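Undergrad: What shape does this take:
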Amino acid sequence: MRLRYWTALIVTVCVAATLSFREARQTQVPVDALLTPSIDAPDIAPPADTGPDGPEPAEQPAEALAEEPQDARPSDAEVSTEVSNWSRAVEPGENLDVLLADAGLDAVARAEVSGAIGSEFDLRRLKPGHTLALEITADGRAKNATLEVDDGVNIHAAFGAEPSVRVAPPTLESIRQAGETEIENSIYAALEDAGIPTRFATDLELVFAGTLDLRRALVGGERMRIAWRENRLGDRVIGEPTIDFAELDLGEERYEVIWPEDGSSRTSIFKDDDLILTFDQPIRGARLSSAFGPRKHPIHGYVRMHSGVDFAAELGATVHATQAGRISFMGQKSGYGLMVEIEHAQDIKTIYAHLSAVNETLQVGQRIPAGQKIGDVGSTGTSTAPHLHYEVLVEGSPVPPLTDTHLSRIGDGTPHVDSPISIDAARDQLAALLAAADG
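TA: Numbering: from 1, shown residues only. A predicted model of the protein is given here:
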């Protein structure tokens, strides 16, 4: 980190020095003025009269000079300890240098702050809503600089004898909530009317894909109850809320879904109290972001077959093998980026693509258990953002990873991490949250 900091700082200081030199030439400062050293001297009253040879210097009594306080002007040390606070949010069209200039920092000080923060954060990702806070010394230099970016993450730089830069994630409080609504036209509209996060419409559509055709099943009058979590920093909601449990009452049929929490990777779907589907996912607590089947490609722009499912996750999130098997490939592959392929029994393979890194302790041909870490989430290959593409192949052809039973039949049925809470416990928790909301 220190090497990146000094490299960025040297480059930005050189640029600032060049700009300052050009400004000096444009202002055409006299050469004598540039060569004359700056001297701090006490203020002297102008003489009352002048002689033929010029003004006579005014004399001050020795007693007056002796009585002048020695600390009339603060020392350099005293000046540097005096700081003022400044903060402002980024507005459309602004970059970091614009904010620093608005704070009153000169070109050299701006370069120092930009180099420090830029060593840990790509300044091209600065956007409206991000906030910069500064502690500025009396001589116009930054003592501390903090840039708050997405989800409350802070990039903090301290300037002194040993400059330091660190990334500080926020300390968040997880709040559980619940709501219920009646569907009239669409799930999205029903959620919006009830004050429930509308992104859950996508979660429901994706998790039911291949199990229940929501568009045909919903005719109006259906009831829905949902429990979810959201992370808060004070009064602010940070990041996307996550759905934990949903109950969809269609009148003659009732469907319920338990999503995995952070300690589990298993999703369960119930129909009229019977467990009809479970699947282990490769990232604990992650949410589906794209289903199996034809879709409009986010990069190419035309409809093509999506041969797996996508899980949205943070860059670097751990990816686990969903079933025991033998590693048949690790490396780069066109479109997939960095990927791992695992071969299972009965000519079944699983693919984990767009990784940022693979587990260095693994090698091709090695057998691994279910739950083994195989890599980290990334955005390599044909990808627009960090996520995992998960694919299941049976005899070389892709099958729906969530509903196809080939992979689940080759295991012993034991989940490799803790199972989610029971359906009864999920119902009790939902009822308690709804009662608290009504109370």
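
Undergrad: Identify the spatial nearest neighbour of the one residue sitting closest to the centre of the chain, chain neighbours not counted.
TA: Nearest residue to the geometric centre of the chain (Cα atoms, centre = their mean): Asp150, 5.4 Å. With sequence-adjacent residues excluded and distances taken as Cβ to Cβ, 6 or more residues apart in numbering, Asp150 is closest to His130, at 7.8 Å. Where C-beta positions appear, they are placed from N, C-alpha and C, glycine not excepted.

Undergrad: quick one, helices of the stretch 201-350 of the chain?
TA: 214-217 (DSSP state H, counting those that start in this stretch).

Undergrad: what about the strands in it?
TA: Applying DSSP state E, counting those that start in this stretch to the stretch 201-350 of the chain gives strands spanning 222-233, 236-249, 254-258, 266-271, 274-280, 287-290, 293-296, 303-306, 309-312, 318-320, 325-333, 337-344, 348-358.

Undergrad: List the neighbouring strands of the first one plus their orientation.
TA: Strands adjacent to strand 222-233 in the sheet, as given by DSSP bridges, are strand 173-183 (antiparallel), strand 236-249 (antiparallel).

Undergrad: Just send these back as JSON lines, with mean pLDDT too.
TA: JSON lines is the format used below for the strands paired with strand 222-233 (pLDDT from 0 to 100):
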{"stretch": "strand 173-183", "mean pLDDT": "94"}
{"stretch": "strand 236-249", "mean pLDDT": "89"}
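
Undergrad: For Gln363, find the nearest of these.
TA: Checking these against Gln363 by Cβ to Cβ gives strand 236-249 as the closest, at 35.1 Å.

Undergrad: could you dump that closest one to CSV, C-alpha only?
TA: The C-alpha trace of strand 236-249 is given here as CSV (Å, rounded to 0.1, in the frame of the first residue of the first chain):
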residue,chain,number,x,y,z
ARG,A,236,-29.5,5.1,6.9
VAL,A,237,-30.1,1.8,5.1
ILE,A,238,-26.8,0.5,3.7
GLY,A,239,-26.8,-1.8,0.7
GLU,A,240,-29.6,-4.0,-0.5
PRO,A,241,-32.1,-5.7,1.8
THR,A,242,-32.1,-9.5,1.9
ILE,A,243,-35.3,-11.6,1.9
ASP,A,244,-35.3,-14.5,4.5
PHE,A,245,-38.8,-16.0,4.2
ALA,A,246,-41.8,-15.6,1.9
GLU,A,247,-45.3,-17.1,2.0
LEU,A,248,-47.5,-16.9,-1.1
ASP,A,249,-51.2,-17.9,-0.6
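
Undergrad: that older thread, now mean neighbour count and distance to Ser174 too, for the strands of the stretch 201-350 of the chain, in TSV please.
TA: Below are the strands of the stretch 201-350 of the chain laid out as TSV (neighbours: other Cβ atoms under 10 Å; distance: least, Cβ to Cβ, whole Å):
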stretch	mean neighbour count	distance to Ser174
strand 222-233	19	5
strand 236-249	18	9
strand 254-258	21	18
strand 266-271	18	20
strand 274-280	16	24
strand 287-290	19	16
strand 293-296	11	32
strand 303-306	12	32
strand 309-312	21	18
strand 318-320	21	20
strand 325-333	16	34
strand 337-344	21	31
strand 348-358	22	26
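
Undergrad: Among those, show the one with the smallest mean pLDDT.
TA: Note on these: strand 293-296 shows the lowest mean pLDDT, a mean of 67.

Undergrad: about what we covered before: looking at the strands paired with strand 222-233, which is closest to Glu91?
TA: Closest of these to Glu91 is strand 236-249, at 19.3 Å (criterion: Cβ to Cβ).

Undergrad: which residues does the closest residue in space to Pro170 that isn't next to it in sequence contact?
TA: Leaving aside its sequence neighbours, Pro170 sits nearest to Gly152 (Cβ to Cβ, 6+ apart; 3.5 Å). Contact partners of Gly152, counting by Cβ atoms under 8 Å, 6 or more residues apart in numbering, are Pro169, Pro170, Leu172, Leu233, Arg236, Ile238.

Undergrad: redo that, cut-off 10 Å
TA: Contact analysis of Gly152 by Cβ atoms under 10 Å, 6 or more residues apart in numbering lists Ala168, Pro169, Pro170, Thr171, Leu172, Asn231, Arg232, Leu233, Gly234, Arg236, Ile238, Gly239.

Undergrad: Check Glu253 too.
TA: Shown in contact with Glu253 (Cβ under 10 Å, 6+ apart): Leu212, Ala217, Lys271, Asp272.

Undergrad: which of the residues you listed are buried?
TA: Leu212 (16 or more other Cβ atoms under 10 Å).

Undergrad: what's the closest of the contacts of Glu253 to Asp347?
TA: Nearest to Asp347 out of those is Leu212 (Cβ to Cβ; 29.7 Å).
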